[in-house]
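**Student:** Quick one, fold the following:
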Amino acid sequence: MLVGFMPLTVSANPSISLDKAIYAPGEKITVATSGITQELIKAYVWVGIYNIGDPYAEEPISYKSISAVGTGRIEFTNMLRDGGYEIRLITGVGTANRDRVTAEHIVTSVGFTVDKSSVTIALNKTVYAPGEKITVATSGITSGMVSSGAWVGIYNPGDPHSAKPVWYERPKTGTNIMEQ
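**Tutor:** Residues are numbered from 1 along each chain as shown. Next comes the predicted model:
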């Protein structure tokens with residue numbers, strides 16, 4: 001005969017971490033989660049990207065819900081500009097109420113930077129004769145940039161960015177020497 005019932009609460013230390021501290025523009029941001037419990041999932045657990053120092057109730061730049069107990073990985077497409085950001089692990093308020101987050105809802109956060117200064121592009125000279133081969137060198141190209149479809153292009157002088165390039169090529173990860 002069952003006389004009483006007392007629920008057992010197992011406390012975990014939910015946490016998040018990033019695969020690196022500095023990302024190039026366009027590079028995927030991978031967030032590792034751990035210690036996620038069924039109780040957290042029932043209480044609406046999610047991660048959001050914020051500018052460093054954004055107020056608690058500020059709308060996140062991007063967010064994703066967490067639905068797996070234990071450990072997991074979440075990937076964000078990085079469309080961020082250069083600057084400082086943070087990933088916040090949030091619980092107790094659903095994503096529909098993102099603008100109602102308070103300090104009590106933030107379990108933890110991890111800062112990161114987006115910096116394009118690690119990517120370079122250079123020509124082998126500054127003046128070319130008509131029909132002459134143009135050599136383009138790139139370095140710092142990340143696998144995230146390649147998988148996002150990054151490309152290098154040559155345009156006619158004065159063409160807008162929306163114009164079709166005269167030549168383009170997709171670089172590979174690392175350092176590239178490309179010729180037109």
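**Student:** And this protein, split by domain according to the record?
**Tutor:** In the assignment given by automatic domain parsing, the structural domains of the chain cover 15-116, 119-179.
**Student:** Now tabulate the ones you listed in TSV and tack on mean neighbour count.
**Tutor:** From N, CA and C alone the C-beta is placed, and that goes for glycine too. TSV is the format used below for these (neighbours: other CB atoms under 10 Å):
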stretch	mean neighbour count
domain 15-116	16
domain 119-179	13
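**Student:** Need these in TSV (columns: mean pLDDT).
**Tutor:** Putting the domains of the chain into TSV (pLDDT from 0 to 100) gives the following:
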stretch	mean pLDDT
domain 15-116	91
domain 119-179	85
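**Student:** which strand residues sit across from residue 23 in the sheet?
**Tutor:** residue 114 (DSSP bridges).
**Student:** Test my guess that it contacts residue 144.
**Tutor:** Yes. Look at residue 23 against residue 144 with CB atoms under 8 Å: they come within range, at 7.5 Å.
**Student:** any shared contact partners between these two?
**Tutor:** residue 78 (CB atoms under 8 Å, 6 or more residues apart in numbering).
**Student:** got the phi/psi numbers for residue 117?
**Tutor:** Phi and psi for residue 117, reported as degrees, to the nearest 10, are phi -70, psi -20.
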